[in-house]
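Undergrad: next comes the sequence, and after it the predicted model I'd like to discuss.
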Amino acid sequence: MALAPPKRVRANTGSLAPPPSAFTFHPTHSNASTFRTLQLEVQLSSPSLKVGGPIRKPLPVYSDNDAIAGKISLENISYHSGRILLTVEGAFHHRLPKAQDEPVASGSFVPPRKHVFFSSTKLISVTNPEVASPRSVFRREGNILKRRPSVSSIEENKRALTPKRCYPFSFELPRGLRSGEELPATYPSTQFPSSPSVSTASHIEVSYRIVADWEPSDQQEQSSHLEIPFVIQPDAEFQCADATIPSDKMWLEMPLKSDRPIPVRCAMTLPTSMSFARSSSIPYFVVFTTTPRSPELAREIASDATISVSLIRQITVNEQASLPPTPPLTPTSDDSDGPSSARPKILRLVHKGSARFQRHRWPSDSSLALSHDKHETQSGLGTKHFSDLRTIHHDMSLGFPKRPRQQYDKKGNHPSLETIASLPDGLHKTRIPLSGDLLPSLDWRGLTVKYYLDVAVLLGPDDFRARVPIRIT
(Lines give C-alpha, C1' and ligand atoms only; values in the text may rest on other atoms or scores of the structure.)
Protein backbone atom coordinates (compact mmCIF):
# COMPACT_ATOMS: atom_id res chain seq x y z
CA MET A 1 0.00 0.00 0.00
CA ALA A 2 1.48 3.28 -1.12
CA LEU A 3 2.11 5.78 1.58
CA ALA A 4 0.46 9.17 1.21
CA PRO A 5 2.95 11.99 0.71
CA PRO A 6 3.54 14.01 3.85
CA LYS A 7 1.67 17.23 4.19
CA ARG A 8 3.60 20.37 3.32
CA VAL A 9 4.32 22.27 6.52
CA ARG A 10 5.50 25.87 6.30
CA ALA A 11 7.49 27.65 8.94
CA ASN A 12 5.51 29.92 11.22
CA THR A 13 6.21 33.43 9.94
CA GLY A 14 3.51 35.21 11.91
CA SER A 15 6.18 37.05 13.91
CA LEU A 16 7.34 38.80 10.74
CA ALA A 17 4.09 40.69 10.45
CA PRO A 18 4.39 44.46 10.78
CA PRO A 19 3.97 45.88 14.29
CA PRO A 20 0.60 47.29 15.28
CA SER A 21 -0.25 50.85 14.38
CA ALA A 22 0.42 51.97 17.94
CA PHE A 23 4.10 51.19 17.38
CA THR A 24 4.36 52.79 13.94
CA PHE A 25 6.56 55.87 13.90
CA HIS A 26 5.24 58.80 11.91
CA PRO A 27 7.94 61.48 11.66
CA THR A 28 6.71 64.98 12.39
CA HIS A 29 9.58 66.64 10.50
CA SER A 30 11.28 65.92 7.21
CA ASN A 31 14.83 65.69 8.58
CA ALA A 32 15.79 62.33 10.06
CA SER A 33 19.00 61.49 11.90
CA THR A 34 20.03 57.94 12.75
CA PHE A 35 22.42 56.90 15.51
CA ARG A 36 23.23 53.29 16.35
CA THR A 37 25.24 50.85 18.37
CA LEU A 38 25.46 47.07 18.02
CA GLN A 39 22.16 46.60 19.88
CA LEU A 40 20.35 49.94 19.54
CA GLU A 41 19.28 52.24 16.75
CA VAL A 42 17.72 55.65 17.42
CA GLN A 43 16.08 57.74 14.72
CA LEU A 44 15.22 61.37 15.45
CA SER A 45 13.01 63.66 13.43
CA SER A 46 13.85 67.37 13.61
CA PRO A 47 12.97 70.64 11.82
CA SER A 48 16.59 71.17 10.73
CA LEU A 49 20.12 69.81 11.03
CA LYS A 50 23.42 71.38 11.99
CA VAL A 51 26.92 69.98 11.68
CA GLY A 52 28.88 70.19 14.91
CA GLY A 53 29.63 68.56 18.19
CA PRO A 54 32.23 65.93 19.02
CA ILE A 55 30.89 63.40 16.52
CA ARG A 56 31.17 65.87 13.60
CA LYS A 57 27.99 64.77 11.89
CA PRO A 58 24.63 66.50 11.31
CA LEU A 59 22.88 67.02 14.62
CA PRO A 60 19.12 67.53 15.05
CA VAL A 61 18.11 71.11 15.86
CA TYR A 62 15.01 72.01 17.89
CA SER A 63 13.49 75.18 19.27
CA ASP A 64 11.87 75.52 22.68
CA ASN A 65 8.48 75.20 20.93
CA ASP A 66 9.25 71.76 19.45
CA ALA A 67 8.88 68.23 20.77
CA ILE A 68 11.72 65.72 20.49
CA ALA A 69 10.17 62.76 18.70
CA GLY A 70 11.65 59.63 17.21
CA LYS A 71 11.84 55.88 17.49
CA ILE A 72 14.25 53.45 19.08
CA SER A 73 14.84 49.97 17.67
CA LEU A 74 16.40 46.86 19.13
CA GLU A 75 18.53 44.94 16.68
CA ASN A 76 17.89 41.24 16.17
CA ILE A 77 21.00 40.45 18.18
CA SER A 78 19.12 41.58 21.29
CA TYR A 79 16.07 39.34 21.46
CA HIS A 80 15.77 38.87 25.21
CA SER A 81 13.47 40.82 27.46
CA GLY A 82 14.66 43.84 29.38
CA ARG A 83 14.11 47.56 29.46
CA ILE A 84 15.16 50.70 27.60
CA LEU A 85 15.87 53.91 29.49
CA LEU A 86 15.57 57.12 27.48
CA THR A 87 16.74 60.37 29.07
CA VAL A 88 16.76 63.91 27.68
CA GLU A 89 19.27 66.05 29.54
CA GLY A 90 20.35 69.68 29.53
CA ALA A 91 23.60 70.57 31.29
CA PHE A 92 25.71 73.62 32.03
CA HIS A 93 29.48 72.99 32.00
CA HIS A 94 31.74 75.54 33.64
CA ARG A 95 35.39 75.96 34.53
CA LEU A 96 37.10 79.22 35.47
CA PRO A 97 40.78 80.09 35.10
CA LYS A 98 42.86 79.95 38.22
CA ALA A 99 43.82 83.18 39.89
CA GLN A 100 47.26 84.52 39.03
CA ASP A 101 48.56 83.80 42.53
CA GLU A 102 47.38 80.17 42.49
CA PRO A 103 50.03 77.58 41.54
CA VAL A 104 49.45 75.69 38.33
CA ALA A 105 50.89 72.20 38.06
CA SER A 106 52.56 71.46 34.76
CA GLY A 107 50.43 69.26 32.53
CA SER A 108 47.53 69.31 34.96
CA PHE A 109 44.04 69.26 33.49
CA VAL A 110 41.02 70.47 35.40
CA PRO A 111 37.82 69.09 33.83
CA PRO A 112 34.83 71.43 33.74
CA ARG A 113 32.10 70.96 36.31
CA LYS A 114 28.69 69.83 35.14
CA HIS A 115 25.34 71.09 36.41
CA VAL A 116 22.22 69.33 35.06
CA PHE A 117 19.39 71.87 34.95
CA PHE A 118 16.86 69.78 33.01
CA SER A 119 16.21 66.04 32.86
CA SER A 120 13.31 63.88 31.70
CA THR A 121 13.27 60.07 31.55
CA LYS A 122 11.05 57.47 29.89
CA LEU A 123 11.09 53.73 30.61
CA ILE A 124 10.22 51.22 27.87
CA SER A 125 9.62 47.62 28.93
CA VAL A 126 10.73 45.03 26.38
CA THR A 127 9.28 41.52 26.43
CA ASN A 128 10.59 38.42 24.70
CA PRO A 129 8.99 38.43 21.21
CA GLU A 130 7.05 35.48 19.86
CA VAL A 131 9.22 33.59 17.39
CA ALA A 132 8.90 30.43 15.35
CA SER A 133 9.38 27.13 17.13
CA PRO A 134 12.72 25.38 16.57
CA ARG A 135 10.95 22.39 14.97
CA SER A 136 9.24 24.48 12.31
CA VAL A 137 12.39 26.42 11.56
CA PHE A 138 14.03 23.40 10.02
CA ARG A 139 11.11 22.15 7.92
CA ARG A 140 11.66 22.79 4.25
CA GLU A 141 8.74 22.14 2.00
CA GLY A 142 7.60 19.17 4.10
CA ASN A 143 11.00 17.50 4.25
CA ILE A 144 12.33 17.32 7.80
CA LEU A 145 16.07 17.76 8.02
CA LYS A 146 17.69 14.54 9.07
CA ARG A 147 20.84 16.23 10.36
CA ARG A 148 20.47 17.36 13.96
CA PRO A 149 20.93 21.14 14.11
CA SER A 150 23.56 22.67 16.35
CA VAL A 151 22.74 25.09 19.15
CA SER A 152 24.45 27.97 17.33
CA SER A 153 22.43 27.41 14.16
CA ILE A 154 19.20 27.40 16.17
CA GLU A 155 20.16 30.70 17.78
CA GLU A 156 21.05 32.28 14.41
CA ASN A 157 17.79 31.19 12.82
CA LYS A 158 15.84 32.32 15.87
CA ARG A 159 17.39 35.79 15.59
CA ALA A 160 16.77 35.86 11.85
CA LEU A 161 13.09 35.22 12.39
CA THR A 162 12.85 37.75 15.22
CA PRO A 163 11.57 41.09 13.91
CA LYS A 164 13.33 44.33 14.78
CA ARG A 165 11.37 45.83 17.63
CA CYS A 166 10.61 49.54 17.27
CA TYR A 167 9.29 51.83 19.98
CA PRO A 168 8.27 55.43 19.28
CA PHE A 169 8.89 58.12 21.88
CA SER A 170 8.31 61.82 22.33
CA PHE A 171 9.59 64.37 24.85
CA GLU A 172 7.94 67.73 25.40
CA LEU A 173 10.45 70.45 26.18
CA PRO A 174 9.55 72.44 29.30
CA ARG A 175 8.59 76.09 29.10
CA GLY A 176 9.22 78.80 31.63
CA LEU A 177 6.45 80.54 33.49
CA ARG A 178 7.74 84.05 32.88
CA SER A 179 10.16 86.01 30.73
CA GLY A 180 13.73 84.93 31.31
CA GLU A 181 12.84 81.33 32.17
CA GLU A 182 12.99 80.03 28.62
CA LEU A 183 15.01 76.87 28.03
CA PRO A 184 18.61 78.01 27.46
CA ALA A 185 19.88 77.76 23.91
CA THR A 186 22.90 75.62 23.10
CA TYR A 187 26.01 77.64 23.85
CA PRO A 188 29.50 76.63 22.66
CA SER A 189 32.50 76.51 24.95
CA THR A 190 34.60 79.66 25.29
CA GLN A 191 38.27 80.06 26.04
CA PHE A 192 39.47 83.55 26.88
CA PRO A 193 42.77 84.57 25.25
CA SER A 194 44.08 85.82 28.59
CA SER A 195 44.12 82.30 29.99
CA PRO A 196 47.67 81.06 30.63
CA SER A 197 47.10 77.55 29.30
CA VAL A 198 44.46 75.21 28.04
CA SER A 199 44.46 73.31 31.32
CA THR A 200 43.33 76.43 33.21
CA ALA A 201 41.35 78.16 30.45
CA SER A 202 37.77 79.24 30.97
CA HIS A 203 35.09 76.89 29.75
CA ILE A 204 31.39 77.71 29.60
CA GLU A 205 28.97 75.52 27.68
CA VAL A 206 25.27 74.72 27.53
CA SER A 207 24.67 71.33 25.91
CA TYR A 208 21.83 68.88 25.38
CA ARG A 209 21.82 65.16 24.74
CA ILE A 210 19.62 62.07 24.58
CA VAL A 211 20.90 59.03 26.46
CA ALA A 212 19.61 55.57 25.54
CA ASP A 213 20.45 52.53 27.68
CA TRP A 214 19.50 48.94 26.90
CA GLU A 215 19.42 46.79 30.07
CA PRO A 216 18.63 43.12 29.27
CA SER A 217 17.03 40.87 31.85
CA ASP A 218 19.55 38.16 31.04
CA GLN A 219 22.79 39.21 32.72
CA GLN A 220 24.78 37.22 30.16
CA GLU A 221 23.54 39.40 27.33
CA GLN A 222 25.49 42.54 26.56
CA SER A 223 23.98 45.89 27.53
CA SER A 224 24.27 48.99 25.36
CA HIS A 225 24.72 52.73 25.91
CA LEU A 226 24.18 55.47 23.33
CA GLU A 227 24.53 59.25 23.72
CA ILE A 228 23.12 61.59 21.08
CA PRO A 229 23.83 65.34 21.26
CA PHE A 230 21.28 67.75 19.84
CA VAL A 231 20.97 71.52 19.51
CA ILE A 232 18.46 73.94 21.05
CA GLN A 233 18.26 77.32 19.36
CA PRO A 234 15.59 80.05 19.29
CA ASP A 235 12.91 79.81 16.64
CA ALA A 236 13.82 82.23 13.85
CA GLU A 237 10.15 82.79 13.04
CA PHE A 238 9.64 84.34 16.47
CA GLN A 239 12.66 86.64 16.18
CA CYS A 240 11.48 89.88 14.59
CA ALA A 241 14.18 92.42 13.77
CA ASP A 242 11.80 95.32 14.35
CA ALA A 243 11.06 94.09 17.85
CA THR A 244 14.72 94.31 18.82
CA ILE A 245 15.04 97.99 17.88
CA PRO A 246 14.29 100.11 20.93
CA SER A 247 12.13 103.16 20.59
CA ASP A 248 14.11 106.40 20.33
CA LYS A 249 11.38 108.41 22.10
CA MET A 250 10.74 106.54 25.34
CA TRP A 251 13.57 106.23 27.82
CA LEU A 252 13.99 105.19 31.44
CA GLU A 253 15.98 107.62 33.56
CA MET A 254 17.84 106.12 36.51
CA PRO A 255 19.63 108.46 38.92
CA LEU A 256 23.17 107.87 40.10
CA LYS A 257 23.79 108.22 43.82
CA SER A 258 26.61 109.79 45.77
CA ASP A 259 27.86 109.14 49.29
CA ARG A 260 27.43 112.76 50.35
CA PRO A 261 25.25 115.68 49.24
CA ILE A 262 26.61 117.43 46.12
CA PRO A 263 24.92 120.24 44.16
CA VAL A 264 24.87 118.01 41.08
CA ARG A 265 22.45 115.39 39.83
CA CYS A 266 23.58 112.60 37.47
CA ALA A 267 21.42 110.04 35.70
CA MET A 268 21.62 107.30 33.10
CA THR A 269 18.91 106.74 30.50
CA LEU A 270 18.13 103.51 28.66
CA PRO A 271 15.35 102.38 26.29
CA THR A 272 12.20 101.39 28.16
CA SER A 273 12.44 97.72 27.15
CA MET A 274 15.66 97.19 29.14
CA SER A 275 16.11 94.14 26.89
CA PHE A 276 18.63 93.92 24.05
CA ALA A 277 19.28 91.29 21.39
CA ARG A 278 22.78 89.90 21.07
CA SER A 279 22.83 91.00 17.45
CA SER A 280 22.18 94.64 18.40
CA SER A 281 23.78 97.17 20.76
CA ILE A 282 22.91 99.01 23.98
CA PRO A 283 22.34 102.74 23.44
CA TYR A 284 22.52 104.90 26.53
CA PHE A 285 22.89 108.49 27.77
CA VAL A 286 24.66 109.81 30.86
CA VAL A 287 23.54 113.33 31.84
CA PHE A 288 24.22 115.74 34.67
CA THR A 289 22.50 118.87 35.99
CA THR A 290 23.78 121.37 38.54
CA THR A 291 21.34 122.21 41.35
CA PRO A 292 20.97 125.12 41.59
CA ARG A 293 22.08 126.01 38.11
CA SER A 294 25.72 127.09 37.99
CA PRO A 295 27.32 127.77 34.60
CA GLU A 296 30.82 127.79 36.11
CA LEU A 297 30.38 124.43 37.85
CA ALA A 298 28.70 122.98 34.75
CA ARG A 299 31.69 123.96 32.57
CA GLU A 300 34.11 122.43 35.06
CA ILE A 301 32.21 119.15 35.24
CA ALA A 302 31.74 118.99 31.47
CA SER A 303 35.50 119.19 30.94
CA ASP A 304 36.93 117.27 33.91
CA ALA A 305 34.41 114.54 34.82
CA THR A 306 35.26 110.90 34.11
CA ILE A 307 32.45 108.61 32.91
CA SER A 308 32.86 104.85 33.30
CA VAL A 309 30.30 102.31 32.05
CA SER A 310 30.88 98.54 32.25
CA LEU A 311 28.77 95.62 31.06
CA ILE A 312 28.90 92.97 33.80
CA ARG A 313 27.85 89.32 33.51
CA GLN A 314 27.05 87.25 36.60
CA ILE A 315 26.65 83.47 36.41
CA THR A 316 25.29 81.67 39.47
CA VAL A 317 24.86 77.90 39.85
CA ASN A 318 23.22 76.29 42.87
CA GLU A 319 23.61 72.52 42.65
CA GLN A 320 20.81 70.79 44.54
CA ALA A 321 20.87 67.25 45.85
CA SER A 322 17.77 66.22 43.86
CA LEU A 323 17.07 67.40 40.33
CA PRO A 324 13.51 68.49 39.56
CA PRO A 325 12.43 67.59 36.01
CA THR A 326 10.42 70.74 35.46
CA PRO A 327 11.21 74.48 35.53
CA PRO A 328 10.71 76.33 38.81
CA LEU A 329 7.65 78.18 39.94
CA THR A 330 7.73 81.93 39.87
CA PRO A 331 9.99 82.99 42.76
CA THR A 332 8.47 85.04 45.54
CA SER A 333 11.69 86.77 46.50
CA ASP A 334 14.95 88.07 45.03
CA ASP A 335 13.09 89.91 42.32
CA SER A 336 14.97 93.14 42.86
CA ASP A 337 17.24 92.40 39.92
CA GLY A 338 14.44 92.43 37.38
CA PRO A 339 13.57 95.50 35.33
CA SER A 340 10.04 95.56 36.71
CA SER A 341 11.20 96.14 40.27
CA ALA A 342 13.17 99.29 39.56
CA ARG A 343 9.93 101.31 39.12
CA PRO A 344 11.65 104.06 37.11
CA LYS A 345 9.71 106.91 35.56
CA ILE A 346 9.05 107.02 31.84
CA LEU A 347 10.55 110.31 30.75
CA ARG A 348 11.82 112.04 27.69
CA LEU A 349 15.10 113.82 27.94
CA VAL A 350 13.37 116.98 26.71
CA HIS A 351 10.68 116.94 29.38
CA LYS A 352 10.77 119.11 32.44
CA GLY A 353 12.64 117.47 35.27
CA SER A 354 10.44 115.95 37.94
CA ALA A 355 11.03 114.23 41.23
CA ARG A 356 13.45 111.37 40.64
CA PHE A 357 12.80 108.03 42.23
CA GLN A 358 15.15 106.79 44.92
CA ARG A 359 17.04 103.68 43.91
CA HIS A 360 19.09 101.36 46.04
CA ARG A 361 22.77 101.88 45.41
CA TRP A 362 24.59 98.74 44.45
CA PRO A 363 27.93 98.22 46.21
CA SER A 364 30.86 99.12 44.03
CA ASP A 365 33.62 96.68 43.23
CA SER A 366 36.89 97.82 41.74
CA SER A 367 37.87 94.30 40.73
CA LEU A 368 34.88 93.18 38.69
CA ALA A 369 36.98 91.38 36.10
CA LEU A 370 36.66 88.12 37.99
CA SER A 371 34.91 86.96 41.15
CA HIS A 372 35.07 83.23 41.75
CA ASP A 373 33.30 81.52 44.63
CA LYS A 374 34.46 77.94 44.93
CA HIS A 375 32.00 75.13 45.41
CA GLU A 376 31.20 75.03 49.10
CA THR A 377 28.36 73.23 50.79
CA GLN A 378 25.98 75.66 52.42
CA SER A 379 25.02 74.69 55.95
CA GLY A 380 21.54 73.23 56.20
CA LEU A 381 20.73 73.62 52.50
CA GLY A 382 22.60 70.72 50.91
CA THR A 383 23.56 72.82 47.87
CA LYS A 384 26.83 73.76 46.20
CA HIS A 385 27.35 77.30 45.06
CA PHE A 386 29.29 78.60 42.07
CA SER A 387 29.49 82.23 41.00
CA ASP A 388 31.35 84.09 38.28
CA LEU A 389 31.29 87.89 37.95
CA ARG A 390 33.02 89.14 34.82
CA THR A 391 33.39 92.41 32.91
CA ILE A 392 32.30 91.86 29.31
CA HIS A 393 32.78 95.40 28.00
CA HIS A 394 34.14 98.63 29.45
CA ASP A 395 33.78 102.23 28.23
CA MET A 396 35.55 105.24 29.71
CA SER A 397 35.15 108.85 28.61
CA LEU A 398 36.60 112.15 29.83
CA GLY A 399 34.04 114.94 30.13
CA PHE A 400 30.55 115.53 28.75
CA PRO A 401 31.09 116.59 25.14
CA LYS A 402 27.51 117.72 24.39
CA ARG A 403 24.70 119.78 25.81
CA PRO A 404 21.16 118.57 25.05
CA ARG A 405 19.16 120.62 22.58
CA GLN A 406 15.39 120.64 22.30
CA GLN A 407 14.02 119.78 18.88
CA TYR A 408 11.14 121.59 17.23
CA ASP A 409 7.70 120.16 17.92
CA LYS A 410 5.48 118.58 15.27
CA LYS A 411 4.07 121.98 14.30
CA GLY A 412 7.53 123.46 13.81
CA ASN A 413 7.34 125.73 16.85
CA HIS A 414 10.36 126.64 18.95
CA PRO A 415 10.56 125.05 22.40
CA SER A 416 9.52 127.17 25.33
CA LEU A 417 12.04 128.81 27.64
CA GLU A 418 10.81 126.61 30.48
CA THR A 419 11.53 123.49 28.43
CA ILE A 420 15.00 124.73 27.49
CA ALA A 421 15.77 125.57 31.12
CA SER A 422 14.88 122.04 32.20
CA LEU A 423 17.48 120.44 29.92
CA PRO A 424 20.57 118.87 31.55
CA ASP A 425 23.85 120.76 31.59
CA GLY A 426 25.82 117.98 29.93
CA LEU A 427 25.25 114.79 27.97
CA HIS A 428 27.35 111.77 27.06
CA LYS A 429 25.79 109.58 24.36
CA THR A 430 27.16 106.31 23.03
CA ARG A 431 26.31 102.60 22.70
CA ILE A 432 27.83 99.28 23.73
CA PRO A 433 28.17 96.75 20.89
CA LEU A 434 26.97 93.23 21.63
CA SER A 435 27.93 89.92 20.07
CA GLY A 436 26.17 86.71 19.16
CA ASP A 437 28.78 84.84 21.22
CA LEU A 438 27.35 86.21 24.46
CA LEU A 439 25.55 83.85 26.79
CA PRO A 440 21.94 85.14 26.93
CA SER A 441 20.19 86.05 30.15
CA LEU A 442 18.41 83.08 31.70
CA ASP A 443 16.79 81.97 34.91
CA TRP A 444 16.41 78.21 35.20
CA ARG A 445 16.34 75.81 38.11
CA GLY A 446 19.63 76.40 39.92
CA LEU A 447 21.16 78.35 37.01
CA THR A 448 20.97 82.11 36.45
CA VAL A 449 22.80 84.42 34.06
CA LYS A 450 22.31 88.13 34.72
CA TYR A 451 23.71 91.27 33.14
CA TYR A 452 24.24 94.70 34.67
CA LEU A 453 25.44 98.10 33.55
CA ASP A 454 27.81 99.44 36.17
CA VAL A 455 27.87 103.24 35.80
CA ALA A 456 30.15 105.72 37.57
CA VAL A 457 30.71 109.46 37.15
CA LEU A 458 33.85 110.69 38.93
CA LEU A 459 33.98 114.35 39.99
CA GLY A 460 37.30 114.83 41.73
CA PRO A 461 37.08 113.16 45.16
CA ASP A 462 33.35 112.49 44.73
CA ASP A 463 31.57 109.98 42.56
CA PHE A 464 28.08 108.98 41.45
CA ARG A 465 27.34 105.29 40.95
CA ALA A 466 24.56 102.88 40.02
CA ARG A 467 24.19 99.28 38.89
CA VAL A 468 21.36 98.79 36.42
CA PRO A 469 20.03 95.28 35.60
CA ILE A 470 19.32 94.59 31.92
CA ARG A 471 18.40 91.56 29.80
CA ILE A 472 20.33 90.19 26.84
CA THR A 473 18.42 87.84 24.56
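TA: Nice, thanks for sending it over. Since we're looking at a predicted model, the values are computed, not measured.
Undergrad: my read: residue 286 touches residue 453, true?
TA: No: counting by CB atoms under 8 Å, residue 286 does not reach residue 453; the two are 10.4 Å apart. C-beta here means a position set from N, CA and C on the backbone, and glycine is covered the same way.
Undergrad: what residues are bridge-paired with residue 313?
TA: Listed beta-bridge partners, residue 313: residue 390, residue 451 (assigned using DSSP bridges).
Undergrad: what's opposite residue 385 in the beta bridge?
TA: Judged by DSSP bridges, the bridge partners of residue 385 are residue 318.
Undergrad: more neighbours: residue 286 and residue 453, which one.
TA: residue 286 (26 against 22; other CB atoms under 10 Å).
Undergrad: please name the nearest non-neighbouring residue to the more buried one.
TA: Counting by CB to CB, 6 or more residues apart in numbering, residue 286 lies nearest to residue 428, which is 4.3 Å off, once chain neighbours are set aside.
Undergrad: now do that neighbour, the pLDDT please.
TA: pLDDT, residue 428: 90.
Undergrad: run a quick neighbour tally on residue 282.
TA: Residue 282 has 21 nearby residues by other CB under 10 Å.
Undergrad: buried stuff in the helix or strand that contains residue 307?
TA: Assigned by DSSP states H and E, residue 307 belongs to strand 306-319. By 16 or more other CB atoms under 10 Å, the buried positions in strand 306-319 come out as 307-319.
Undergrad: tabulate the residues you listed (CSV), appending distance to residue 445 and pLDDT.
TA: Converted to CSV, these look like this (distance: CB to CB, whole Å; pLDDT from 0 to 100):
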residue, distance to residue 445, pLDDT
307, 39, 93
308, 35, 94
309, 32, 95
310, 29, 95
311, 26, 95
312, 23, 94
313, 20, 93
314, 17, 92
315, 15, 90
316, 12, 88
317, 11, 86
318, 9, 83
319, 11, 72
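Undergrad: Throw those into a markdown table and include distance to residue 271, thanks.
TA: Formatted as a markdown table, the buried residues of strand 306-319 follow (distance: CB to CB, whole Å):
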| residue | distance to residue 271 |
| --- | --- |
| 307 | 19 |
| 308 | 21 |
| 309 | 15 |
| 310 | 19 |
| 311 | 15 |
| 312 | 19 |
| 313 | 20 |
| 314 | 22 |
| 315 | 25 |
| 316 | 26 |
| 317 | 30 |
| 318 | 31 |
| 319 | 36 |
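Undergrad: now do the helices in the protein.
TA: Assigned by DSSP state H, the helices in the chain fall at 134-137, 151-160, 295-304, 417-421.
Undergrad: mean pLDDT for those: which is lowest?
TA: Of all the helices of the chain, mean pLDDT reaches its minimum on helix 134-137 (a mean of 48).
Undergrad: which residue packs closest to residue 226, ignoring adjacent ones?
TA: Leaving aside its chain neighbours, residue 226 sits nearest to residue 212 (4.4 Å; criterion: CB to CB, 6+ apart).
Undergrad: for the one you found, grab the count of nearby residues.
TA: 22.
Undergrad: before we move on, what about the one 4 residues further on?
TA: Counted with other CB under 10 Å, residues neighbouring residue 216 total 19.
Undergrad: residues in a beta bridge with it, which ones?
TA: Going by DSSP bridges, residue 216 forms beta bridges with residue 82.
Undergrad: now for it: which residues touch it?
TA: Residue 216 sits next to 78, 80, 81, 82, 222, 223 when contact means CB atoms under 8 Å, 6 or more residues apart in numbering.
Undergrad: can you pick the most crowded of the residues you listed?
TA: Highest neighbour count within the contacts of residue 216, by other CB under 10 Å: residue 78, with 25 neighbours.
Undergrad: give me the pLDDT value at that one.
TA: Note on residue 78: pLDDT of 59.
Undergrad: circling back to that earlier point, what about the residue nearest to residue 226, distance to residue 91?
TA: Residue 212 is 17 Å from residue 91, where distance means CB to CB, to the nearest Å.
Undergrad: kindly report the same for residue 260.
TA: In terms of CB to CB, residue 260 sits 48 Å off from residue 91.
Undergrad: who has more neighbours out of the two?
TA: residue 91 (17 against 6).
Undergrad: tell me what the more buried one is bridged to.
TA: Beta bridges link residue 91 to residue 116, residue 207, judged by DSSP bridges.
Undergrad: same deal with the one 4 residues further on?
TA: Residues found in beta-bridge contact with residue 95 (criterion: DSSP bridges) are residue 203.
Undergrad: surely it is in contact with residue 115?
TA: No: under the contact definition of CB under 8 Å, residue 95 does not touch residue 115, with a separation of 11.7 Å.
Undergrad: which one of those two has more residues nearby?
TA: Set residue 95 next to residue 115 and count neighbours by other CB under 10 Å: residue 115 wins out with 21 against 18.
Undergrad: low-confidence ranges, the stretch 251-400 of the chain, go.
TA: Residues of the stretch 251-400 of the chain meeting the criterion pLDDT under 70: 320-384.
Undergrad: per-domain residue ranges of this structure.
TA: Domain assignment of the chain by automatic domain parsing yields the ranges 23-238, 242-472.
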